[in-house]
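Peer 1: My questions are about this predicted structure, shown below with the sequence.
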Amino acid sequence: MVSTAEEACFEVGIKFGSLYHQFAGTPVSPESAPSLERAIEESIENQPHCVEVTVDVRTDELEAELAESSAEYTEFTGRFMEVEVVVDYEGTEAVARMEMEGDYPLMRLVEVE
């Protein structure tokens, strides 16, 4: 038998999987970053049990990437975003975050209540 907390953790993992793979590769620039943040948040919040999604595009990293490029945009990847996802499954809340750990965008469960 699966517990409610385990289901909540599963749901938050599903949200992160779809968030990352749906938006990875999207063309992004410092100017388009705010609209991309909102699009990701609103898209993922549509999913069942999702309470809140907060996306922060790391524009400093975007600007550094583009400073060495002839293009005005780059492909969106995990290194350009910090994300928090909150899921409520039958009264149990799971919170997960994605942040850079060294050079890797690590997704981790931070709280289950």
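Peer 2: Here it is on my side, so go on.
Peer 1: residues in contact with stretch 31-44?
Peer 2: 15, 18-19, 22-23, 26, 28, 50, 53-57, 59, 62, 73, 76, 81, 83, 85 (C-beta atoms under 8 Å, 6 or more residues apart in numbering). Just so you know, the C-beta spots here come from the backbone N, C-alpha and C atoms, and that holds for glycine as well.
Peer 1: Give me the subset of those lying in strands.
Peer 2: Val28, Cys50, Val53, Thr54, Val55, Asp56, Val57, Met81, Val83, Val85 (DSSP state E).
Peer 1: Nearest to Met107 among the residues you listed?
Peer 2: Sorting the ones in strands among the contacts of stretch 31-44 by distance to Met107 puts Val83 at the head of the list, at 8.0 Å, by C-beta to C-beta.
Peer 1: correct me, but that closest one touches Lys15?
Peer 2: No - with contact defined as C-beta atoms under 8 Å, Val83 does not reach Lys15; the gap is 9.4 Å.
Peer 1: residues contacting the residue nearest to Gly78 when sequence neighbours are not counted?
Peer 2: Leaving aside its chain neighbours, Gly78 sits nearest to Pro105 (2.7 Å; criterion: C-beta to C-beta, 6 or more residues apart in numbering). Residues counted as contacts of Pro105 (C-beta under 8 Å, 6+ apart) are Thr77, Gly78, Arg79, Met81, Met98, Glu99.
Peer 1: what do you get for Val2?
Peer 2: Counting by C-beta under 8 Å, 6+ apart, Val2 has contacts Phe10.
Peer 1: how about a markdown table for the contacts of Pro105, with pLDDT and distance to Glu37 added?
Peer 2: Converted to a markdown table, these look like this (pLDDT from 0 to 100; distance: C-beta to C-beta, whole Å):
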| residue | pLDDT | distance to Glu37 |
| --- | --- | --- |
| Thr77 | 94 | 15 |
| Gly78 | 93 | 14 |
| Arg79 | 93 | 15 |
| Met81 | 95 | 8 |
| Met98 | 94 | 13 |
| Glu99 | 92 | 15 |
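Peer 1: Any of those buried? List them.
Peer 2: Among the contacts of Pro105, those scoring as buried are Thr77, Gly78, Met81, Met98, Glu99 (criterion: 16 or more other C-beta atoms under 10 Å).
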